[in-house]
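**Student:** I would like to see how this sequence folds:
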Amino acid sequence: MPAYKVEICGVNTSTLPVLNENQKKELFTRIRQGDQQAREEYIRGNLRLVLSVIRRFSASNENVDDLFQIGCIGLIKSIDNFDPTMEVKFSTYAVPMIIGEIRRYLRDNNSLRVSRSLRDTAYKAIHARELMTKKNNREPTLDEISKEIDISKEDITYALDAIQTPVSLYDPVYTDGGEPLYVMDQISDKKNKEDRWVENLSLSDAMKRLNKREKHIIDLRFFEGKTQMEVAEEIHISQAQVSRLEKSALKTMRNYLMAT
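**Tutor:** You can find the predicted model right below:
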């Protein structure tokens, strides 16, 4: 993606240096002696590490500059806490720190306010998953994470769901080259099923303007509360076709009602 290769926060990423192992060791020795210039060089020499991490969060819709700055905070914390005598590569130590810093930022800036206890539970689960993945070279199951942090599976699932970034009903899911399908098109219309808003608006006359297939689709969607996928399976056409027919039928009905 171009955003990661040109300029972020005033930094031309194409000119960032790459440190070899000898340079890293030398700089760390100087850092431990209080050399601030060496610290600055080490930070700049590892900014590509931050770039590689923030690519994982490209779907978050957060500003790239903001993620980069938060990632740099994680990088600096890694440098300040790293022990080179542990015989672990700096990148191995730093990546989880950078990821954790960005996740905390996304969690704390979520537009939906989540209780501290829920956030703590979610963070413990995420941290345990990262450590167990690293240790066992595979993704742990929910049962394993639950046993590791002594928190029920239900509470972990609830906490992780609570910190997820909200999805707009108008976010496109996919397109077949024509009109895109949105999240709202794939949700059962249970509210409309219960309230019978079609009946309340006296749309029976408007529905008479529809052909047989369009009327059947409106019945399934707004009277029986089925998703477009369920409708597509029942009448043996694609979901994209259902979406187009539904929108056309609603437009016909709306035009009729506005004219009467």
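
**Student:** and the helix or strand where residue 143 lies, average pLDDT?
**Tutor:** Using DSSP states H and E, residue 143 sits within helix 142-149. On average, the pLDDT along helix 142-149 is 91.

**Student:** for the closest residue in space to residue 250 that isn't next to it in sequence, helix, strand, or coil?
**Tutor:** The spatially closest residue to residue 250, leaving aside those adjacent along the chain, is residue 218, at 7.6 Å (CB to CB, 6 or more residues apart in numbering). For glycine as for every other residue, the C-beta is placed from the backbone atoms N, C-alpha and C. For residue 218, the secondary-structure state derived from DSSP: H, G, I helix; E, B strand; the rest coil is helix.

**Student:** hmm, back to that, next structured bit after the helix holding residue 143?
**Tutor:** Helix 142-149 is succeeded, C-terminally, by helix 153-162 (DSSP H and E).

**Student:** which helices and strands does that following helix pack with?
**Tutor:** Judged by 3 or more CB pairs under 8 Å, 6 or more residues apart in numbering; DSSP states H and E, helix 153-162 is in contact with helix 116-136, helix 142-149.

**Student:** what's the offset of the helix holding residue 143 from the middle of its chain?
**Tutor:** 23 Å (CA atoms, centre = their mean, to the nearest Å).

**Student:** so what's the residue count around the residue nearest to residue 78 when sequence neighbours are not counted?
**Tutor:** Closest residue to residue 78 apart from its sequence neighbours, by CB to CB, 6+ apart: residue 94 at 3.8 Å. Residue 94: 23 surrounding residues under other CB atoms under 10 Å.

**Student:** quick one: the strands in the stretch 1-150 of the chain?
**Tutor:** Shown for the stretch 1-150 of the chain, the strands assigned by DSSP state E, counting those that start in this stretch span residues 7-8, 11-12.

**Student:** those strands: lowest mean pLDDT?
**Tutor:** strand 7-8 has the lowest average pLDDT among these, namely a mean of 52.

**Student:** any regions of the protein where pLDDT drops low?
**Tutor:** Applying pLDDT under 70 to the chain flags the ranges 1-15, 59-61, 87, 108-115, 162-204, 259-260.

**Student:** any chance you could map the helices in this structure?
**Tutor:** 21-32, 36-44, 47-54, 64-81, 90-108, 116-136, 142-149, 153-162, 190-195, 197-200, 204-207, 212-218, 228-235, 239-259 (DSSP state H).

**Student:** how about the CA coordinates for the first one, as PDB?
**Tutor:** What follows is the C-alpha trace of helix 21-32 in PDB, where atoms were taken according to Å, rounded to 0.1, in the frame of the first residue of the first chain:
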ATOM      1  CA  GLU A  21      23.300  -7.200  14.000                       C
ATOM      2  CA  ASN A  22      26.700  -5.700  14.700                       C
ATOM      3  CA  GLN A  23      25.300  -2.200  14.500                       C
ATOM      4  CA  LYS A  24      22.500  -3.100  16.800                       C
ATOM      5  CA  LYS A  25      24.900  -4.500  19.400                       C
ATOM      6  CA  GLU A  26      27.100  -1.500  19.300                       C
ATOM      7  CA  LEU A  27      24.200   0.900  19.600                       C
ATOM      8  CA  PHE A  28      22.700  -1.000  22.500                       C
ATOM      9  CA  THR A  29      26.000  -0.900  24.300                       C
ATOM     10  CA  ARG A  30      26.000   2.900  23.900                       C
ATOM     11  CA  ILE A  31      22.300   3.200  24.900                       C
ATOM     12  CA  ARG A  32      23.100   1.300  28.100                       C
END
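
**Student:** what packs against that helix?
**Tutor:** Secondary elements touching helix 21-32 (3+ CB pairs under 8 Å, 6+ apart): helix 36-44.
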